[in-house]
Structure formats: structure tokens, C-alpha cells
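Enquirer: take this sequence and fold it.
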Amino acid sequence: MTKLATTEYNNRRHALLKKLPQGAVVIVQCAPVHIRNGDVEHDYRQDSSFYYLAGMVESNATLVLVNGVNGPSTTIFCASKNKLQEIWHGRRLGVDAAPDVLMIDQAYSNESLADKLIDLLDDASQVVYSFSRADTGELVQQSLSMLRRLARQGKICPTQLADLDPLVNAMRLFKSEAEVAQMTAACAISVTAHKRAMSVCKVGMHEYQLAAELHHQFTTQGSQRLAYGSIVAGGENACILHYTNNDQVLQDGDLVLIDAGCELDHYASDITRTFPVNGRFSEAQKTIYELVLAAHEAALACIKPGAVYTDMQDAAVKVITQGLIEIGLLTGELEQNIEQQTFRKFYMHNIGHWLGMDVHDVGVYKLDGASRPLIAGMVTTVEPGIYIDPEDLDIAPQWRGIGVRIEDNILVTDHGYRNLTANLPVSVADIETIMAS
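Expert: The predicted structure follows:
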């Protein structure tokens, strides 16, 4: 498994502090441990923003950054070394090793957090933390209450609070070269897994067996976990957008839609392909598939300097709506159908989402009420689809129950875009070839 260099996290911390006034104090907590059932914990996954700034995977940790008069300082509070606990639960970084390993100025044990935080917050110009984290808000308020009670001893309680999320989210939206390399590696693993699924798929398999082929490929190539719950949807199950039961038998004559991606060192990939279970598209399936593919290509063609995010959706909608009119699933003029959004019956979601440390990554889609311009360093999915209700008796039988989505991971560049998942077959001919082989 590859990891980003420690200097990457250090540079991010300093870049964040440069955005803040002198005397500001930033408090970032790790992800809490969640109980699955009884006393069994869910597999631990670090909070994305904490990992983005600290580069630390352990639980029970708090990062404090200070934009001090004499320069920035960084402090980590973490679990102390404990031989018995490490025998049961695994090795800890520990207080002594943390500064060198994480490139942080100083480290203290968790037990000292309450007392040390009082000193770090004393006379701060601003306290910056995630307003979406109730536990961090409680920690901040407890510390401020203590500072107010210590006013007669010369302590000064900060009066300005600021939300950390918009600041870090804006940073996370634009990927560095190292992040792009990590996401490219994650995408390469997922491409291999999808190719494997295409090559082994056969009539009579269960959806979960096809999912197992994907997950095996993820793991053997170094991925620690899924980026999200895999969707393996055979037949009309593909018309359920977030189908995750994955428990049905794959039938002859059906399509199967796979939406799955791995995570690599906290960076996600997110790919969808749709292909025939028996290796050959029917004429109706091919018609719908190639309509979605044309919409996909039209959306990609919009990605260039000066474009805005909604350009991709507008292009895909135009192609899909015109195609649905031509095959009789919609009637009337193109412009009227687009204005009335009749296409939403068959294409009910938008073109994509930001991608990064979270599969639905942070970052706003509008600025000052208008669609956001696409700028180099952003990574987005492009994923048009068509889903035809299997129970709609007003639709001709050959179309019912067909669900198709095509999704790639796209890096915006100075001159257009780079498709990070371009090595995965997408044309009808290429998909049928890989399945035949």
C-alpha cells in the first residue's frame, strides 16, 4: 500500500493556518469508535478531515494548530504506549514517537487534553473547529467555560468561533499531484476488479458472488476497504439506484449493473459499468446502453476551462431526452421535454459528484448562487443513466426493467480532463470482447 509523504500533511496544516488570523486556534478530532452490536466495534475508519491534516489513522486523538505570534505550532494528543492494551488491540504510535513520525511540534497524552487545551486557547483570537461535530463542540464549550471561570487568574476567554468545515472542504476540493497519484492508483485497482467481474460473469451466478470477485481483487491489490457498499444489480434491480441486497441470481438475457470502487489510503474510486450477463447485448439493451454512452461522452466533452458544473448535466440531458423521443419513450419536442423535465422519469439523478477522500466528497457546487466553474485539480464522477420501470405497463415490453449507468472518474486539467478510469472497457464491442475471452 502506498501512502502520501508526511510532508504533504505538514504542508496542508501550514496552508490552513495561513488562511486564519494571528492567534487563531484550530481543534480537529479523530473519528469516534462506533459500536456495531453488543461490544463489537465497526471497522475503524479515520475522519477524512482529521486524516487530511494529521495523517494519523489511530482513534482517540486530537490535533490542535495554533497560528501563534512567533509562528505556527502543532500539537497532537494521542494514546500513550500501553503494553497490555497493545497486546489486545494493536500497536500504538505513542506520545514519544508522534512528533517525528507525524512532523508535529509536540505530543501529549489524551489524559492531559483538558488541561493543556485551556492553555492553548487562552487569549486566542479565534477558535476554529467543525460545527458539524457535536463532540468537538462540547469539548470547546467546556474549555471556554473553564477559561471564563479563570478570568480572575488572568486567563482570557476567546469570543470568536469559526467553522472549520468550509476552510478544509475548499482545500480538499483541489487535489495535489500526490493526491492525484493516489486516486489514480485506487482507480487502477478498481478497473482491474471490474474487468475481472466482466470476465467471470455467467448465467446462474448470484450477485454476491460477482461482488466477491470485485472485493477479492480490491484486497489482493492492496486496498484496505471498500469506498462504499458495492452495488451488483442484475436485471430490474438496476432500476433501484442504491441497490445493495446483492442476493439474486443473475438471469440469462438480463443486464447487470455494477457500481463499486475501492479505497486506497483514504482515497476513493467510484466506477459503474453495465453489461449483459450472458455476454451479448440484446437489441433493446444495446439501444439504451448506447444512448447512455452518448450522453456520457457529451458530458465529458463539456469539461474544459471556462465550463461550469451544470454544463455536463445539460449536455447529458439533451442527448438522453432526444434519444428517448426517438425510440418513443417520450413524445413531443426536445425543448419542451427538457423544460418540463419529462426525462426525470428515466434519468432522475444528476451527472455526478466530487470525488476524493469521501466517495461523495466535500466541496460546494455553486458559488454566489451560480453553478461552479470547473478548475484544474477538481475530481468529479460523470455518471449518466437510464432506468425504465419494470412495472410500467404503458411502456413497450422490450424496454421494461432495463437499467443502465456508466460512470468514470474525471480529473479536471488546465486543458480539459483526464479520465482516471479510461482503461475499463465501455463500448458495446469491447465489453462483449472481454466477456467472450
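
Enquirer: tell me who's in contact with the residue nearest to residue 332 when sequence neighbours are not counted.
Expert: Leaving aside its sequence neighbours, residue 332 sits nearest to residue 325 (Cβ to Cβ, 6 or more residues apart in numbering; 7.2 Å). Every C-beta, even on glycine, is put in place using the N, C-alpha and C of the backbone. Contacts for residue 325 were tallied using Cβ atoms under 8 Å, 6 or more residues apart in numbering; they are 331-332, 334, 337.

Enquirer: go on, residue 126?
Expert: Residue 126 neighbours (Cβ under 8 Å, 6+ apart): 20-21, 23-25, 158, 160-162.

Enquirer: what's whichever strand or helix holds residue 49 packed up against?
Expert: Secondary structure from DSSP states H and E places residue 49 in helix 48-54. On a contact count with 3 or more Cβ pairs under 8 Å, 6 or more residues apart in numbering; DSSP states H and E, helix 48-54 meets helix 6-18, strand 24-29, strand 62-68, helix 164-173.

Enquirer: out of the ones you listed, which is closest to residue 101?
Expert: helix 6-18 (7.4 Å; Cβ to Cβ).

Enquirer: alpha carbons of the closest one, as CSV, please.
Expert: Output in CSV follows, covering the C-alpha atoms of helix 6-18 (Å, rounded to 0.1, in the frame of the first residue of the first chain):
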residue,chain,number,x,y,z
THR,A,6,4.4,13.1,5.8
THR,A,7,5.4,16.5,4.3
GLU,A,8,2.0,16.5,2.4
TYR,A,9,0.1,16.7,5.7
ASN,A,10,2.5,19.2,7.2
ASN,A,11,2.1,21.5,4.2
ARG,A,12,-1.7,21.3,4.5
ARG,A,13,-1.6,22.3,8.2
HIS,A,14,0.6,25.3,7.3
ALA,A,15,-1.7,26.3,4.4
LEU,A,16,-4.7,26.2,6.6
LEU,A,17,-3.1,28.4,9.3
LYS,A,18,-2.2,31.0,6.6
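
Enquirer: and the contacts of that helix?
Expert: So helix 6-18 is contacted by 24, 26, 52-55, 65, 67, 72, 74, 101-103, 167-168, 171, 176, 178-179 (Cβ under 8 Å, 6+ apart).

Enquirer: so how far is that helix from its chain's centroid?
Expert: 21 Å (Cα atoms, centre = their mean, to the nearest Å).

Enquirer: report the buried residues of it.
Expert: For helix 6-18, burial by neighbour count (16 or more other Cβ atoms under 10 Å) applies to 8-10, 12-13, 16-17.

Enquirer: now swap in stretch 395-411 and tell me
Expert: 395, 399-411.

Enquirer: next one: stretch 335-350
Expert: Within stretch 335-350, the residues that count as buried by 16+ other Cβ under 10 Å are 337-338, 342-343, 346-347.

Enquirer: turn the helices and strands packed on helix 48-54 into TSV, columns for distance to residue 245 and mean pLDDT.
Expert: Shown next, in TSV, are the helices and strands packed on helix 48-54 (distance: least, Cβ to Cβ, whole Å; pLDDT from 0 to 100):
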stretch	distance to residue 245	mean pLDDT
helix 6-18	39	97
strand 24-29	35	98
strand 62-68	39	97
helix 164-173	32	98
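
Enquirer: who wins for proximity to residue 432 among those?
Expert: helix 164-173 (38.0 Å).

Enquirer: now what about the closest one, what contacts it?
Expert: So helix 164-173 is contacted by 12, 15-16, 19-20, 26-28, 48-49, 52-53, 128-132, 354, 356-357, 361-364, 377-378 (Cβ under 8 Å, 6+ apart).

Enquirer: ok, now stretch 215-229?
Expert: So stretch 215-229 is contacted by 1-2, 43, 45, 186, 189-190, 192-193, 196, 230, 244, 260-265, 268-270, 359 (Cβ under 8 Å, 6+ apart).

Enquirer: can you check stretch 64-72 too?
Expert: Contacts for stretch 64-72 (Cβ under 8 Å, 6+ apart): 13-14, 16-17, 20-28, 53, 73-77, 117, 120, 124.

Enquirer: how about residue 424, secondary structure?
Expert: Using DSSP: H, G, I helix; E, B strand; the rest coil, the structure places residue 424 in coil.

Enquirer: from here on, count from 30
Expert: I'll keep to 30 as the first residue from here, and by that count the last item is residue 453.

Enquirer: surely it meets residue 300?
Expert: Yes: at 6.5 Å, residue 453 and residue 300 qualify as touching, with contact defined as Cβ atoms under 8 Å.

Enquirer: what about the helices in the stretch 330-466 of the chain?
Expert: In the stretch 330-466 of the chain, the segments counted as helices under DSSP state H, counting those that start in this stretch are 338-355, 363-369, 457-465.

Enquirer: out of these, flag the one nearest residue 236.
Expert: Closest among the helices of the stretch 330-466 of the chain, once you apply Cβ to Cβ, is helix 457-465, at 16.7 Å.

Enquirer: count of residues packed around residue 129?
Expert: By other Cβ atoms under 10 Å, the residues close to residue 129 number 10.

Enquirer: just residue 117 next, same as before
Expert: Counted with other Cβ under 10 Å, residue 117 comes out at 7.

Enquirer: what's in contact with whichever strand or helix holds it?
Expert: If you go by DSSP H and E, residue 117 is part of helix 112-118. The contact list for helix 112-118 (Cβ under 8 Å, 6+ apart) reads 108, 121.

Enquirer: next structured bit after that helix?
Expert: Immediately after helix 112-118, counting by DSSP H and E, sits helix 127-131.

Enquirer: which residues sit against that following helix?
Expert: Outside helix 127-131, the residues within contact range by Cβ under 8 Å, 6+ apart are 35, 38, 83-85, 105, 107, 122, 133-136.

Enquirer: quick one: which of those residues is nearest residue 347?
Expert: Using Cβ to Cβ, the contacts of helix 127-131 come closest to residue 347 at residue 38, 43.0 Å.

Enquirer: which pair in the contacts of residue 354 spans the largest distance?
Expert: Across these (Cβ to Cβ), the longest gap, 11.1 Å, separates 360 and 363.

Enquirer: same drill for those two, tell me which one is more crowded.
Expert: Using other Cβ under 10 Å as the criterion, residue 360 and residue 363 rank with residue 363 on top: 13 against 10.

Enquirer: gap between the residue lying closest to that one once chain neighbours are set aside and residue 342?
Expert: The shortest distance from residue 363 to any non-neighbouring residue, by Cβ to Cβ, 6+ apart, is to residue 351 (5.4 Å). Distance, residue 351 to residue 342, using Cβ to Cβ, to the nearest Å: 15 Å.
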